[in-house]
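A.B. asks: sequence and predicted structure below; questions after.
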Amino acid sequence: MFTKRQMVVFYLAATLTVAFAGAATWLELKPPGKPLEQPLDHLHALPDFALMNEDRQRVTLEDLKGKVWLADFVYTTCPGPCPIISAHMSRLQGMLPADPNARMVSFSTDPDNDTPEVLKAYAKRFGATDRWTFLTGPKTGIYDLIQHGFLLPIDAPAGARIIHSTRIMLVDKGGEVRGFYDGTTEDADGQIIADMRKLLEE
């Protein structure tokens with residue numbers, strides 16, 4: 001025979017066992033919740049610009065309003081990271097949301113040599129479609145846009161390689177920079193496309 005004290009202890013133990021078992025079963029069956037989505041920061045607005053694309057068409061910031069676009073900086077004779085960045089952009093091009101307002105823009109950091117014809121050949125090399133455009137124009141205008149618009153460094157020492165950022169930027173429908181990503185690695189590709197979708201829905 002159990003004493004009254006032993007019966008109470010046994011009852012409590014059984015109750016706790018059932019409770020824990022139930023909680024464990026509930027946790028196993030409960031679908032994983034979505035992580036809280038953090039809003040993308042409004043970093044800074046781009047100034048107006050007017051440049052020329054690979055088809056010798058004038059492209060302004062106003063032309064890109066209403067679109068969400070990825071931007072990068074390259075030059076066609078770059079022996080270093082530019083081919084890596086452009087190959088990365090080519091991969092991202094294949095991942096773009098179906099929304100026609102999802103675009104990509106590459107700015108030449110060597111506009112003196114990167115004529116529209118040169119950029120057109122470079123675009124073909126990386127399989128660019130009409131959703132990916134390449135821009136050139138006055139050097140002072142492009143460098144000013146990079147430094148005071150994207151707030152990134154650019155340096156072109158005489159006779160030396162052009163030094164520029166290897167980041168990929170995300171720009172929203174209003175012309176504001178909303179994100180920066182490493183252009184030399186594909187690790188964040190899923191995040192880039194997810195962030196594009198968020199901005200397309202804004």
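C.D. replies: That came through fine.
A.B. asks: show me where the protein has its strands.
C.D. replies: 44-45, 50-53, 58-60, 68-74, 102-108, 132-136, 154-155, 163-164, 167-171, 176-182 (DSSP state E).
A.B. asks: domain ranges for the chain, per the record?
C.D. replies: Residue ranges for each domain of the chain read 1-33, 44-201, as given by automatic domain parsing.
A.B. asks: so which of the strands of the chain comes closest to residue 124?
C.D. replies: Nearest of these to residue 124, taken as Cβ to Cβ: strand 132-136 at 10.4 Å. C-beta: built from backbone N, CA, C; applies to glycine.
A.B. asks: neighbouring strands of that closest one in the sheet, and parallel or not?
C.D. replies: strand 50-53 (antiparallel), strand 102-108 (parallel) (DSSP bridges).
A.B. asks: just the domains of the chain: most buried one?
C.D. replies: domain 44-201 (a mean of 17; mean count of other Cβ atoms under 10 Å).
A.B. asks: avg pLDDT for it?
C.D. replies: For domain 44-201, mean pLDDT is 96.
A.B. asks: chain center to it: distance?
C.D. replies: Put simply, domain 44-201 sits 11 Å off its chain's centre (Cα atoms, centre = their mean, to the nearest Å).
A.B. asks: hmm, back to that, dump the strands paired with strand 132-136 to JSON lines, plus distance to residue 136.
C.D. replies: Below are the strands paired with strand 132-136 laid out as JSON lines (distance: least, Cβ to Cβ, whole Å):
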{"stretch": "strand 50-53", "distance to residue 136": "6"}
{"stretch": "strand 102-108", "distance to residue 136": "5"}
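A.B. asks: just to revisit the earlier point, now render the strands of the chain as a markdown table, adding distance to residue 124.
C.D. replies: A markdown table is the format used below for the strands of the chain (distance: least, Cβ to Cβ, whole Å):
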| stretch | distance to residue 124 |
| --- | --- |
| strand 44-45 | 33 |
| strand 50-53 | 14 |
| strand 58-60 | 18 |
| strand 68-74 | 14 |
| strand 102-108 | 13 |
| strand 132-136 | 10 |
| strand 154-155 | 26 |
| strand 163-164 | 23 |
| strand 167-171 | 21 |
| strand 176-182 | 25 |
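A.B. asks: and residue 202, which of those strands is closest to it?
C.D. replies: strand 68-74 (8.5 Å).
A.B. asks: contact partners of the closest one?
C.D. replies: 82, 85-86, 89, 92, 101-109, 146, 150, 152, 154, 164-165, 167-173, 183, 192, 196, 199-200 (Cβ atoms under 8 Å, 6 or more residues apart in numbering).
A.B. asks: that strand: partners in the sheet, and parallel or antiparallel?
C.D. replies: By DSSP bridges, strand 68-74 pairs with strand 102-108 (parallel), strand 167-171 (antiparallel).
A.B. asks: then that strand to CSV, C-alphas only?
C.D. replies: The C-alpha coordinates for strand 68-74 follow below in CSV (Å, rounded to 0.1, in the frame of the first residue of the first chain):
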residue,chain,number,x,y,z
VAL,A,68,13.6,48.0,-58.8
TRP,A,69,17.1,47.5,-59.9
LEU,A,70,20.5,46.1,-59.1
ALA,A,71,23.5,48.2,-59.8
ASP,A,72,27.2,47.5,-60.1
PHE,A,73,30.4,49.2,-61.3
VAL,A,74,32.7,47.5,-63.9
